[in-house]
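S.K.: coords below, sequence missing:
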């Protein structure tokens with residue numbers, strides 16, 4: 001490298017000429033191992049004065065007492081259990097098994113053998129447990145139960161605020177379920193739609209439904225957009 005220094009700018013030549021052969025010196029050493037303890041999640045509610053202050057200023061006394069007691073209990077659950085379950089969801093993501101090792105199917109899905117498909121969706125056990133906890137904690141149902149009137153939505157938002165960073169993205173189906181429930185309630189759903197609303201807002205894990213977004217494209221994201229057409233109408237086109 002040094003024989004080419006003469007062709008460099010004088011200032012750069014002075015800098016380069018003082019650099020030792022780093023590759024040679026590093027290759028002759030054995031880097032030591034580095035270890036550190038994994039960060040530990042603090043109690044998310046008791047360490048958040050901003051949230052505490054907002055609730056103190058805006059909630060009436062009895063509502064504040066009830067809501068903060070529930071948030072303190074739930075915050076401990078986030079720290080001790082939910083955070084670990086969320087990490088497991090991040091580590092072991094969902095997996096779709098479309099075919100067996102020999103292209104066919106076995107057992108209870110043998111009806112797919114002719115098509116050579118299995119279509120098993122494997123999810124993390126942590127994801128299933130978060131679903132049950134979400135139902136029990138009323139992360140969707142709270143604003144529809146209206147225990148604290150209009151402030152029930154604030155109660156729900158505060159719990160989701162504590163839950164979201166540790167949820168392993170389970171807030172995604174919660175948001176879709178809440179949105180579906182809001183629409184069904186707004187249109188005063190009847191019949192099968194009323195049954196769906198009951199499932200979406202249930203605290204019973206065996207009765208609780210989550211709403212999903214079903215897509216046919218292989219790649220992620222939205223492939224369709226709405227373009228304004230004549231007379232104030234919109235036309236759906238594929239990108």
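M.R.: Looks like it arrived, so ask away. Since the model is a prediction, treat every value here as computed from it, not as a measurement.

S.K.: All the strands of the chain, residue numbers only.
M.R.: For the chain, the strands defined by DSSP state E occupy 95-97, 120-122, 224-228, 234-238.

S.K.: Pull the residues that contact the first one.
M.R.: For strand 95-97, the surrounding residues in contact (C-beta atoms under 8 Å, 6 or more residues apart in numbering) are 118-122. C-beta coordinates here come from the backbone N, C-alpha and C atoms, glycine included.

S.K.: Quick check: of those, which has the highest neighbour count?
M.R.: residue 118 (19 neighbours; other C-beta atoms under 10 Å).

S.K.: Spatially central residue in this structure, please.
M.R.: residue 169 (0.9 Å; C-alpha atoms, centre = their mean).

S.K.: And for the residue nearest to that residue when sequence neighbours are not counted, the neighbour number?
M.R.: Spatial nearest neighbour of residue 169, chain neighbours left out: residue 89 (6.9 Å); criterion: C-beta to C-beta, 6 or more residues apart in numbering. Burial measure for residue 89: 22 neighbouring residues, criterion other C-beta under 10 Å.

S.K.: Pretty sure residue 70 sits against residue 155.
M.R.: Yes: between residue 70 and residue 155 there is a contact under C-beta atoms under 8 Å: 7.3 Å.

S.K.: What segments of the chain are helices?
M.R.: 10-17, 22-27, 49-58, 61-77, 83-91, 125-136, 142-145, 152-163, 171-186, 192-200 (DSSP state H).

S.K.: any idea of the pLDDT on the residue nearest to residue 169?
M.R.: The per-residue pLDDT reported for residue 89 equals 93.

S.K.: Under the pLDDT cut-off, which ranges of the chain? List them.
M.R.: 1-31, 100-118, 214-226, 236-239 (pLDDT under 70).

S.K.: Please repeat the previous calculation with a cut-off of 50.
M.R.: 2, 5, 11-16, 22, 107-108, 112-113 (pLDDT under 50).

S.K.: That concludes my questions; thank you for your assistance.
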